[in-house]
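Colleague: how would this look folded up:
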Amino acid sequence: MKKTLGIMLIGLALTFCGEEKFKPQIDVSLNAEQIPVQESWDTEVVFTEDGKTKAVLYADHIRAYEDRNVKILEGVKIEFYDDEGKVSSTLTSKKGRINDLTNDMYAIDSVVAVSDSGVVLRTDELMWRNKEKKIKTDKFVTIIDGDEKIEGYGFESDQNLKNYTIYNITYITTLKE
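Modeller: Next up, the predicted model:
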């Protein structure tokens, strides 16, 4: 009985260990440039200068492309800090992009920036220039500052939304409570 069982096991092993191998299918339609070198989910990136936190970026999904020196972001939130280490403004958007060479950030789609003083900025696209610590856009913007609502095209401000300029104002109104 032991000999019969041994012969059966050897027979089974030979049957399953045959010459035929399974080859994986390779998708040749993918371009190597389309594949990120790194991906991360639920990420927090801290931007510092001289040991002080200047901004913290939160993202649901980040894809890094080394050959293009860019990171593509989804589900973006960035908190800007003042010189005293307090959050001075917060920016959110559905998408974004970071230039790895300059650390400039582009917020895209449903962009909302809110300052600690209550100023609210809404636009479709906004750029944060890391070197100058300024935000700007040439797109349509809506600003609510206290009881005033201003709309126009083109905007530039410090990252704290304290000193801002709207270049082509199209509408101003006073909000009633």
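Colleague: Tell me which residue lies nearest the centroid of this structure.
Modeller: residue 73 (2.8 Å; C-alpha atoms, centre = their mean).
Colleague: any idea which element residue 176 lies in?
Modeller: Using DSSP states H and E, residue 176 is not contained in any helix or strand.
Colleague: ok, now which ones touch it?
Modeller: Shown in contact with residue 176 (C-beta atoms under 8 Å, 6 or more residues apart in numbering): residue 147. Where C-beta positions appear, they are placed from N, C-alpha and C, glycine not excepted.
Colleague: ok, so what distance separates it from residue 24?
Modeller: Counting by C-beta to C-beta, to the nearest Å, the separation of residue 176 from residue 24 is 66 Å.
Colleague: The closest residue to residue 86 other than its chain neighbours: neighbour count?
Modeller: Of all residues not flanking residue 86 in the chain, residue 116 sits nearest, at 7.3 Å (C-beta to C-beta, 6 or more residues apart in numbering). When neighbours are counted by other C-beta atoms under 10 Å, residue 116 registers 15.
Colleague: Now do the contacts for residue 116.
Modeller: 86, 87, 88, 89, 160.
Colleague: mind checking which helix or strand the third one is in?
Modeller: Residue 88 is part of strand 87-99, with elements assigned from DSSP H and E.
Colleague: Which strands and helices lie in contact with that strand?
Modeller: Counting contacts by 3 or more C-beta pairs under 8 Å, 6 or more residues apart in numbering; DSSP states H and E, strand 87-99 is packed against strand 70-81, strand 105-115, strand 120-129.
Colleague: Of all those strands, which one is nearest residue 38?
Modeller: Nearest to residue 38, of all the helices and strands packed on strand 87-99, is strand 70-81, at 8.7 Å by C-beta to C-beta.
Colleague: Mind giving me the packing neighbours of that closest one?
Modeller: Under the contact criterion of 3+ C-beta pairs under 8 Å, 6+ apart, strand 70-81 touches strand 52-65, strand 87-99, strand 105-115.
Colleague: give me that answer again for 10 Å
Modeller: Applying 3 or more C-beta pairs under 10 Å, 6 or more residues apart in numbering; DSSP states H and E, one finds that strand 70-81 contacts strand 38-49, strand 52-65, strand 87-99, strand 105-115.
Colleague: quick one on the thing from earlier: switch the helices and strands packed on strand 87-99 over to TSV; also include mean pLDDT.
Modeller: TSV is the format used below for these (pLDDT from 0 to 100):
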stretch	mean pLDDT
strand 70-81	94
strand 105-115	95
strand 120-129	94
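Colleague: where does this structure have low pLDDT?
Modeller: Flagging of the chain using pLDDT under 70 yields the residue ranges 1-3, 5-22, 27, 30, 32-33, 177.
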